[in-house]
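Q: below are the sequence and a predicted model for it; my questions follow.
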Amino acid sequence: MPKIICLPFAGASKYAYNQFNNMGVGSLDFIGLDLPGRGMRFNEPLLRSIDEMTHDLYNQILPFTNEPYYLFGHSMGAILGQRICEKLHELDKPLPKKLLLSGRGGPDTEITHREWHKLPPNDFKKKVFELGGSPKEVLDNPELMELMEPILRADFEAVETYLYPKINKLDIPVSVYYGSHDKCTKEECENWQVISDKKITLTEISGNHFFIFSNAQQFLNCLKQDIDA
């Protein structure tokens, strides 16, 4: 059964991906990972940099590399997916059979905001909503936001302060998915070509930033086709 290791998007715990295993898409096994400060690791200090997150997730992924696996990252998770693959390559560890990315443009895409993580609470919530950076159900729930705001701020800080290092191309296939109504455009997603020696594939899915959930069936069907290809 193909294992798909799922990396967190901003604010997410591993439980965000539980529904994928209940949708009857072939024999795919989706395995979510937690960063500190969320899910089963709620009492651990939050991480505030992509480098720290990469190191943490790399160590979690290593036990899965002794058999074929795939790596999936959405939004912030797409950055982490690329960085983890680079670290695996640098340390001569088995790479995923394919890197699956969604909801974010490639390394050449300019980040237009660098200090949203410093905004007052109401302004921060508004910006997160405008960006599509967290599900509306979370943003509209005061109790959930009390728990989630520190996590979201830490994740936004990691993304907003991250500067891509010199890119070392990977010799693995890369599939990229983007929402038809997401702020992340097809052209920006095409920028992921700079990370791979192989021709990347791009697939449009109907939906906004969180098309992976709002249109999960279409997304998972496309994912299954890419894995079977």
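A: That came through, no problem.
Q: show me which residues of the lowest-mean-pLDDT helix or strand in the chain are buried.
A: Across the helices and strands of the chain, mean confidence by mean pLDDT, DSSP states H and E is lowest for helix 136-139: a mean of 75. Buried positions in helix 136-139, judged by neighbour count with 16 or more other Cβ atoms under 10 Å: 138-139. Placement of C-beta: from N, CA and C, glycine included.
Q: centre of the chain versus that helix, how much separation?
A: Helix 136-139 has its C-alpha centroid displaced from the chain centroid by 18 Å (Cα atoms, centre = their mean, to the nearest Å).
Q: can you list the residues that contact it?
A: With contacts defined as Cβ atoms under 8 Å, 6 or more residues apart in numbering, helix 136-139 is touched by 11, 125, 128-129, 144-145, 148.
Q: hmm, Phe213 is touching Gln19, no?
A: Yes: between Phe213 and Gln19 a contact is recorded at 7.4 Å, counting by Cβ atoms under 8 Å.
Q: quick one, which of the two is more surrounded?
A: Set side by side, Phe213 and Gln19 show more neighbours around Phe213, with 15 against 12, by other Cβ atoms under 10 Å.
Q: give me the next element, helix or strand, following the least confident helix or strand of the chain.
A: Remark: after helix 136-139, the chain's next helix or strand is helix 142-160, criterion DSSP states H and E.
Q: who does the helix or strand following that next one pair up with?
A: Counting by DSSP H and E, the next helix or strand C-terminal to helix 142-160 is strand 174-179. According to DSSP bridges, strand 174-179 forms sheet pairs with strand 99-102 (parallel), strand 201-205 (parallel).
Q: returning to what we had before: who wins on neighbours among the contacts of helix 136-139?
A: Gly11 (26 neighbours).
Q: do a quick rundown of the strands in this protein.
A: Remark: strands assigned in the chain by DSSP state E are 3-7, 29-32, 69-74, 99-102, 174-179, 201-205.
Q: so which of these is the most packed in?
A: Across the strands of the chain, averaging neighbours per residue (mean count of other Cβ atoms under 10 Å) puts strand 99-102 on top, at a mean of 27.
Q: please save the CA atoms from that one in PDB.
A: Presented in PDB, the C-alpha positions along strand 99-102 are these (Å, rounded to 0.1, in the frame of the first residue of the first chain):
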ATOM      1  CA  LEU A  99       7.100  15.000  -4.500                       C
ATOM      2  CA  LEU A 100       3.500  16.100  -4.500                       C
ATOM      3  CA  LEU A 101       2.900  19.900  -3.900                       C
ATOM      4  CA  SER A 102      -0.100  22.100  -3.900                       C
END
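Q: ok now it, how far from the chain's centre?
A: The answer for strand 99-102 is 8 Å, by Cα atoms, centre = their mean.
Q: related to what we said a few turns ago, okay if I get the strands of the chain as JSON lines plus distance to Leu62 and mean pLDDT?
A: Shown next, in JSON lines, are these (distance: least, Cβ to Cβ, whole Å; pLDDT from 0 to 100):
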{"stretch": "strand 3-7", "distance to Leu62": "11", "mean pLDDT": "97"}
{"stretch": "strand 29-32", "distance to Leu62": "13", "mean pLDDT": "96"}
{"stretch": "strand 69-74", "distance to Leu62": "11", "mean pLDDT": "98"}
{"stretch": "strand 99-102", "distance to Leu62": "17", "mean pLDDT": "98"}
{"stretch": "strand 174-179", "distance to Leu62": "21", "mean pLDDT": "98"}
{"stretch": "strand 201-205", "distance to Leu62": "27", "mean pLDDT": "98"}
